[in-house]
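Participant: Got a predicted structure plus its sequence, pasted below:
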Amino acid sequence: MPEGHTIHRLALDYGRLTGPVRASSPQGKFSDSASLVDGTPLTRTEAHGKHLFLGFRDSDWVHIHLGLFGKVTFGAVPAPPATDTVRLRLADATSYVDLRGPTTCALINDEEKAAVHARLGPDPLRDDADPDLAYRRISRSRTTVAALLMDQKVVAGVGNVYRAEVLFRHGIDPYRAGRDITPAQWDAVWGDLVALMHEGVRNNRIDTVRPEHTPEAMGRPPRVDDHGGEVYVYRRATLPCHICGTGIRTADLASRNLFWCPGCQQT
DNA sequence: TCCTTATGTACAA
DNA sequence: TGTACCTAAGGAC
């Protein structure tokens, strides 16, 4: 689940908790901090890339990063007894939210929060994002564009699915060096990320296939990928490309699975 | 019941 | 570059 769109969606959904919030850490690893915010209202929520910030009082923040395994589940009260993997349970009068398996769940202050923002690149889902900042890094780098897109200092919020899909949608070879990406290409990629990721927040899933390439439009049987959305290349290794029929390729790049269509992605 | 895998990151060497 | 960390689902036995 967790790419940037998931985290921004969580910021919206956590933000619906109202009034004094009960906070607990059934699993125990966050007990001391949970007791510090227990009984206080959740005043604001914010996301930057894959980082989620829940604001309590004036300057207390619960900083959450889901990592690869983290999950958040919402439900109506009464909440069931928490299992021993729930790191943080928040609840108001009507609903509860359980957090499991996060890489990070820590109580921080404004200064520490600012430090997190400072080490993240522009986020396509934030209004304050400056895509030129990302292009400055990309255009000076010999690193592959595939690796640069996953680097949160360069762009915040893009993960393995959006990386693979946006490069496909723009016909860009993932092994192309950053400095060979033209300003026009970056403008197009950035604009596409903004649109795709906003749609991801709305639908709470990743869909990247253009209307003219959907199974219905192409006369193929309807299909939804395992992870919940309709995509061109992600986890479609060896299957024929929706557009050109070439077998989708996969490779290991910096210990992550890369997917691309050698037929469509040559520029 | 065990093994593999995963939409992620940080740190050591 | 390798390894550690966090959890749950699915598939092989």
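Facilitator: Ah, there it is. Numbers count the residues shown, from 1 in each chain, chains lettered A, B, ... in the order given.

Participant: which residues sit in contact with the residue of the stretch 101-250 of chain A found nearest DNA strand C?
Facilitator: The nearest approach of the stretch 101-250 of chain A to DNA strand C comes at A:G101, 2.8 Å away (CB to the nearest atom of the strand). Backbone N, C-alpha and C define where each C-beta goes, glycine included. Under the criterion of CB atoms under 8 Å, 6 or more residues apart in numbering, the contact list for A:G101 reads A:66-67, A:69-71, A:85, A:87.

Participant: How about A:L196: what's its closest non-neighbour residue?
Facilitator: Closest residue to A:L196 apart from its sequence neighbours, by CB to CB, 6 or more residues apart in numbering: A:T208 at 6.0 Å.

Participant: What of A:Y14?
Facilitator: A:T45 (4.9 Å).

Participant: cool, and A:V97?
Facilitator: Nearest non-adjacent residue to A:V97, counting by CB to CB, 6+ apart: A:L90, 4.8 Å away.

Participant: Is there proximity between the one helix or strand the one you found maps to and DNA strand B?
Facilitator: A:L90 belongs to strand A:86-91 when assigned by DSSP states H and E. No. On the criterion CB under 7 Å from any atom of the strand, strand A:86-91 is out of touch with DNA strand B, staying 14.0 Å away.

Participant: returning to that earlier point: count of neighbours near the residue nearest to A:V97?
Facilitator: 23 (other CB atoms under 10 Å).

Participant: And for A:N109?
Facilitator: A:N109 has 11 nearby residues by other CB under 10 Å.

Participant: Quick one, grab the pLDDT at it.
Facilitator: For A:N109, the pLDDT comes out at 97.

Participant: List the residues that contact it.
Facilitator: Counting by CB under 8 Å, 6+ apart, A:N109 makes contact with A:59-61.

Participant: quick revisit: in what helix or strand does the residue nearest to A:L196 lie?
Facilitator: Here A:T208 is assigned to no helix or strand, by DSSP H and E.

Participant: From A:V189, how far out is it?
Facilitator: Separation of A:T208 from A:V189 (CB to CB, to the nearest Å) stands at 13 Å.

Participant: hey, what's in contact with both of these two?
Facilitator: In contact with both A:T208 and A:V189: A:V166, using CB under 8 Å, 6+ apart.

Participant: And these two? Which one has more around it.
Facilitator: The neighbour count for A:T208 versus A:V189, taken as other CB under 10 Å, is higher for A:V189 (25 against 22).

Participant: Would you double-check that that one falls in a helix?
Facilitator: Yes. Per DSSP: H, G, I helix; E, B strand; the rest coil, A:V189 lies within a helix segment.

Participant: Show the average pLDDT along the top strand by length along chain A.
Facilitator: Ordering each strand of chain A by length in residues (DSSP state E) puts strand A:40-48 first. Averaged over strand A:40-48, pLDDT sits at 97.

Participant: What of stretch A:215-222?
Facilitator: For stretch A:215-222, the mean per-residue pLDDT is 76.

Participant: how distant is that stretch from the center of its chain?
Facilitator: From the chain centre to the centre of stretch A:215-222 is a distance of 28 Å (CA atoms, centre = their mean, to the nearest Å).

Participant: Ok, stretch A:77-88 next?
Facilitator: Put simply, stretch A:77-88 sits 24 Å off its chain's centre (CA atoms, centre = their mean).

Participant: now stretch A:188-208
Facilitator: Distance of stretch A:188-208 from the chain centroid (CA atoms, centre = their mean) equals 10 Å.

Participant: ok, back up a step: ok, the residue nearest to A:Y14 touching A:H8?
Facilitator: No. In this structure A:T45 lies outside contact range of A:H8 using CB atoms under 8 Å: 9.8 Å.

Participant: Settle it for me: which of these two has more neighbours?
Facilitator: Per other CB under 10 Å, whichever of A:T45 and A:H8 has more neighbours is A:H8, with 26 against 20.

Participant: Contact partners for A:T104?
Facilitator: Taking CB under 8 Å, 6+ apart as the criterion, A:T104 is in contact with A:51, A:63-65, A:67.
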